[in-house]
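Colleague: Quick check, what structure comes out for this input:
(one chain, ligands or ions: 1)
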Amino acid sequence: MKKEKLIQRYNLPERLNHWIVAFCFVPLALSGLGFVFPSFNGLLNIFGTPQMARILHPFFGVVMFVSFLGMFFRYWKHNLPEKNDLVWAKNIHKVLTNHEVGDTGRYNFGQKCVFWAAISCLMLLMASGVVIWRPWFAGYFPIPLIRLALVMHSVAGVGLILVIIMHAYAATWARGSITAMTEGKVPGSWAKYHHPRWYREVLAKQQKKEEDERKAG
Ligand code: HEM
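Modeller: Reported below is the predicted structural model:
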């Protein structure tokens, strides 16, 4: 049987960038839940001891934030809203029964929502995280502001956890998506079905490259 042609969706630096973010997210989310909810205190041991969790949680947070900025600057343009998103949103019931709708580009409306929700939560987490970071920065801020920042940090953290649970679920639900982020390549049929406009753009680019190479010699 003829093997299907694969299309590059993420190169190695992009994949490493994404998995560094995901790798930081897991202990951050677990220890964060451990800080906020007394019944989850046991999760603080993810860093060895609760004391280590207090020390390491903010450093992991900075690494995750800076790494996500790398993704943000790579993908923000592909996640800008467009007319087609309305078609996708209006037909979400069809999408949920596994029927793609609209002329989707590199990302669909659901992915775009995850993207903007993630960067919003991360900005809030970073800003409030600095204000509550003892012993380095908290001393520079008044107590009422620290209290407000603690609430903001907890709400944004829980928000991000919910967003990422949805993201990881969607990634495993749409068959073939995980390989995009593990191997970097997707079958042409996957791209044509889930992201038809992106598929046409990639094909057009490939054809132009081949033509230029032919002309050059
Ligand atoms: C925890 C397990 C995770 C899994 C299994 C996962 C899986 C994936 C997969 C398969 C893709 C490719 C989707 C496609 O190209 O159509 C992707 C893209 C992406 N992921 Fe994750 N991911 C995880 C965690 C995270 C975390 C923690 C973040 C950020 C806080 C994140 C942010 C993103 C972003 C921004 C994209 C690009 C899509 C876009 O810009 O809309 N992921 N992920």
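Colleague: Compute the number of surrounding residues for L12.
Modeller: Taking other Cβ atoms under 10 Å as the neighbour definition, L12 ends up with a count of 8. C-beta coordinates here come from the backbone N, C-alpha and C atoms, glycine included.
Colleague: What sits closest to it if chain neighbours are left out?
Modeller: Nearest-residue entry for L12: G184, 6.8 Å, with adjacent residues in sequence omitted and distances by Cβ to Cβ, 6 or more residues apart in numbering.
Colleague: quick one: contacts for the one you found?
Modeller: With contacts taken as Cβ atoms under 8 Å, 6 or more residues apart in numbering, G184 has the following neighbours: 8-12, 14-15.
Colleague: Which strand or helix spans the residue nearest in space to the middle of the chain?
Modeller: For the chain, the residue nearest the mean C-alpha position is F115 (5.9 Å; Cα atoms, centre = their mean). Assigned by DSSP states H and E, F115 belongs to helix 109-131.
Colleague: and that helix, C-alpha only, in PDB?
Modeller: In PDB, the C-alpha atoms belonging to helix 109-131 read as follows (Å, rounded to 0.1, in the frame of the first residue of the first chain):
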ATOM      1  CA  PHE A 109     -11.900  28.700  16.800                       C
ATOM      2  CA  GLY A 110     -11.700  26.300  19.800                       C
ATOM      3  CA  GLN A 111      -7.900  26.300  19.600                       C
ATOM      4  CA  LYS A 112      -7.900  30.000  19.300                       C
ATOM      5  CA  CYS A 113     -10.000  30.300  22.500                       C
ATOM      6  CA  VAL A 114      -7.500  28.100  24.300                       C
ATOM      7  CA  PHE A 115      -4.600  30.200  23.100                       C
ATOM      8  CA  TRP A 116      -6.000  33.500  24.200                       C
ATOM      9  CA  ALA A 117      -7.300  32.100  27.500                       C
ATOM     10  CA  ALA A 118      -3.800  30.600  28.200                       C
ATOM     11  CA  ILE A 119      -1.900  33.800  27.600                       C
ATOM     12  CA  SER A 120      -4.500  35.800  29.600                       C
ATOM     13  CA  CYS A 121      -4.200  33.400  32.600                       C
ATOM     14  CA  LEU A 122      -0.400  33.300  32.300                       C
ATOM     15  CA  MET A 123      -0.100  37.200  32.300                       C
ATOM     16  CA  LEU A 124      -2.300  37.300  35.400                       C
ATOM     17  CA  LEU A 125      -0.300  34.500  37.100                       C
ATOM     18  CA  MET A 126       3.000  36.200  36.300                       C
ATOM     19  CA  ALA A 127       2.000  39.600  37.500                       C
ATOM     20  CA  SER A 128       0.300  38.400  40.700                       C
ATOM     21  CA  GLY A 129       3.100  35.900  41.200                       C
ATOM     22  CA  VAL A 130       5.700  38.600  41.500                       C
ATOM     23  CA  VAL A 131       3.600  40.500  44.000                       C
END
